[in-house]
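[1] Sequence first, predicted coordinates after that:
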Amino acid sequence: MLYIRRGLGMSYAQYPASLGCVLQLRVMEEISKGTVAQETVAFDVLVIGAGPTGLACAIDAQNAGLSVVLVDKGCLCNSLFHYPAHMTFFTTPELLEIGNMPFSSPNQKPTRSEALEYYRKVAEHFALDVRQYHLVGHISGSDGNFSVHTTDRFGRLQVFKAKKLIVSTGYYDLPNYLGIPGENLSKVQHYYNEPHPYFGLNVLVIGGKNSAAIAALDLWRHGAKVTLVHRGDAMHRHVKYWILPDINNRVKNGEITAYFSSTVKQITEDTVTLSTPEGDRTIANDFVFALTGYHPDFDFLERMGVHLDAENDRCPQCDPTTLESNVKGIYMAGVVVAGERTNKIFIENGRFHGELIARDLTAKFQQA
Ligand SMILES: Cc1cc2nc3c(=O)[nH]c(=O)nc-3n(C[C@H](O)[C@H](O)[C@H](O)COP(=O)(O)OP(=O)(O)OC[C@H]3O[C@@H](n4cnc5c(N)ncnc54)[C@H](O)[C@@H]3O)c2cc1C
């Protein structure tokens, strides 16, 4: 297998998910030179994204007798790996199970590390062929003969051949940006990991849902001076019933300062300016966590020809009974199916998408 040595001049962590257009040009250039690594095997099915849904889809397709490969831009369950280090799922373990493999945990709700252990063991058990650290940038070909063009951490291109594709790329890679001055400062983060680095510092948490509530509480419990700002007039109604009283009581006691019906106008190195019902407030600030949600890579879906329904939260057009999209041979799975309504599909329900797809794949391969 021959790899291209020329990189893109950026580290893997810096790859924007929408690098696809650049890659597409490079892939075409390099293919014409004959220097792209090609898998010699043509798979029946290639799954893009090795999250819980992608794994479930691969297991179901494999159990149906099809040859399957999974390709992920990061590690196995890359999104879960990047969740807060000490997080606990909202869901009980049996509702996170895939492939009928029991998920046992001593806890009522499993932790992130237990989930990572579980999904890794499941991948091992089913001997899934997972190609990690392969960013899919470009897809060419058509039903029965797709070429999936990937780039690895060193900018080397590779092409995988597959008859059918399943897209389960989730939503966690692209934050919903606020579009305010100062958002690009290095102190502003869209992902919360752990509290230790923020001891004694002024931290602003933006958002009013579970992630914001959990981060604010965790930071406060570990010695940060926390201010929370949310555009709604109270914490969001979707905050879990066991988290809501905790955050509300911290706010009531003045342990966490909260500004509701408020937004952030500007972020500078040492301050943030909030627009509140009482007028603008500029307060001292060291770090900002903008936990305002994430969205699927819509450009990626559109580049492969999938239509997004503008009237319906940009849900990709697909047959609800099979999850095959408007592009023949390309299936949607997991949270991407819900478009912008990312809270409608999660592990609990997305894990069943593989069954629908495998049933349709079985029928189609039998017809062929
Ligand atoms: C903090 C937090 C807590 C949560 N708790 C729960 C819970 O308790 N219960 C529950 O059911 N849900 C929960 N969710 C939601 C749930 O985790 C997601 O809905 C779920 O991960 C979606 O699964 P997925 O397989 O569709 O996508 P993901 O798990 O996001 O997997 C997508 C994969 O695709 C890969 N990928 C993306 N683009 C490309 C590309 N171009 N090329 C190659 N690979 C690519 C990513 O690296 C990733 O590994 C939680 C979410 C968060 C953020």
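    Cool, the structure landed.
[2] Can you report how many residues lie near the closest residue to the ligand within the stretch 101-250 of the chain?
    The nearest approach of the stretch 101-250 of the chain to the ligand comes at residue 170, 2.1 Å away (CB to the nearest ligand atom). Any C-beta I mention is one placed from the backbone N, CA and C, and that applies to glycine too. Using other CB atoms under 10 Å, the number of residues around residue 170 comes to 26.
[3] which ones are touching whatever residue of the stretch 251-368 of the chain ends up closest to the ligand?
    Residue of the stretch 251-368 of the chain nearest the ligand, by CB to the nearest ligand atom: residue 334 (2.3 Å). By CB atoms under 8 Å, 6 or more residues apart in numbering, residue 334 lies in contact with 49, 51-54, 168-170, 345, 350, 353.
[4] Show me how the record splits this structure into domains.
    12-174+295-367, 188-290 (automatic domain parsing).
[5] Pull out the buried residues from stretch 136-155.
    For stretch 136-155, burial by neighbour count (16 or more other CB atoms under 10 Å) applies to 136-139, 146-153, 155.
[6] isn't residue 118 right next to residue 110, touching?
    Yes: the criterion here is CB atoms under 8 Å, and residue 118 meets it with residue 110 at 7.4 Å.
[7] Quickly list what's touching both of the two.
    Joint contacts of residue 118 and residue 110 (CB under 8 Å, 6+ apart) are 93, 96, 103.
[8] In helices, which of those fall?
    The helices in this structure, assigned by DSSP state H, contain none of the shared contacts of residue 118 and residue 110.
[9] Tell me the one among those residues nearest to residue 284.
    Nearest to residue 284, judged by CB to CB, of the shared contacts of residue 118 and residue 110 is residue 96 at 40.9 Å.
[10] which phi and psi does the nearest residue to that closest one once chain neighbours are set aside have?
    Distance criterion CB to CB, 6 or more residues apart in numbering; nearest residue to residue 96, sequence neighbours excluded, is residue 347 at 5.3 Å. In terms of degrees, to the nearest 10, the main-chain angles of residue 347 are phi -60, psi -40.
[11] Residue 347 contacts residue 52, doesn't it?
    Yes: between residue 347 and residue 52 a contact is recorded at 4.7 Å, counting by CB under 8 Å.
[12] ok so residue 266 is a helix residue?
    No: assessed with DSSP: H, G, I helix; E, B strand; the rest coil, residue 266 is strand; it does not lie in a helix.
[13] Quick check: beta-bridge partners of it?
    Beta-bridge partners for residue 266, by DSSP bridges, are residue 273.
[14] Next to the ligand in this structure, residues from the stretch 201-350 of the chain, please.
    By CB under 6 Å from any ligand atom, the residues of the stretch 201-350 of the chain that approach the ligand are 211, 297, 300, 334-335, 346-348, 350.
[15] which residue packs closest to the residue positioned nearest the centre of the chain, ignoring adjacent ones?
    Relative to the mean C-alpha position of the chain, the nearest C-alpha, by CA atoms, centre = their mean, is the one of residue 172, at 2.6 Å. Computed as CB to CB, 6+ apart, the closest residue to residue 172 that is not its neighbour in sequence is residue 79, at 4.0 Å.
[16] same check, this time on residue 212
    The shortest distance from residue 212 to any non-neighbouring residue, by CB to CB, 6+ apart, is to residue 291 (4.4 Å).
[17] Mind listing what's buried along the helix or strand encompassing residue 246?
    Using DSSP states H and E, residue 246 falls within helix 244-252. Under the neighbour-count criterion of 16+ other CB under 10 Å, helix 244-252 has 244, 246-248, 250-251 buried.
[18] Tell me the helix or strand right after that helix.
    Next element after helix 244-252 (DSSP H and E): strand 257-259.
[19] Let me see the mean pLDDT of that following strand.
    The average of the pLDDT scores along strand 257-259 is 98.
[20] in its sheet, what does it sit against?
    strand 225-229 (parallel).
[21] CA atoms only for the strand it pairs with, dumped as CSV, please.
    Output in CSV follows, covering the C-alpha atoms of strand 225-229 (Å, rounded to 0.1, in the frame of the first residue of the first chain):
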residue,chain,number,x,y,z
LYS,A,225,-16.4,31.3,40.7
VAL,A,226,-19.2,30.6,38.3
THR,A,227,-21.6,32.9,36.5
LEU,A,228,-24.2,31.3,34.3
VAL,A,229,-26.0,33.2,31.5
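[22] picking that back up, go through the domains of the chain and find the least confident stretch.
    Of all these, domain 12-174+295-367 carries the lowest average pLDDT, namely a mean of 92.
[23] How far does that one sit from its chain's centre?
    10 Å (CA atoms, centre = their mean, to the nearest Å).
[24] again with stretch 265-277
    That offset, for stretch 265-277, works out to 29 Å (CA atoms, centre = their mean).
[25] Please apply the same query to stretch 277-288.
    30 Å.
[26] So for residue 347 and residue 52, which residue has more residues nearby?
    With neighbours defined as other CB under 10 Å, residue 347 and residue 52 compare such that residue 52 has more, 27 against 22.
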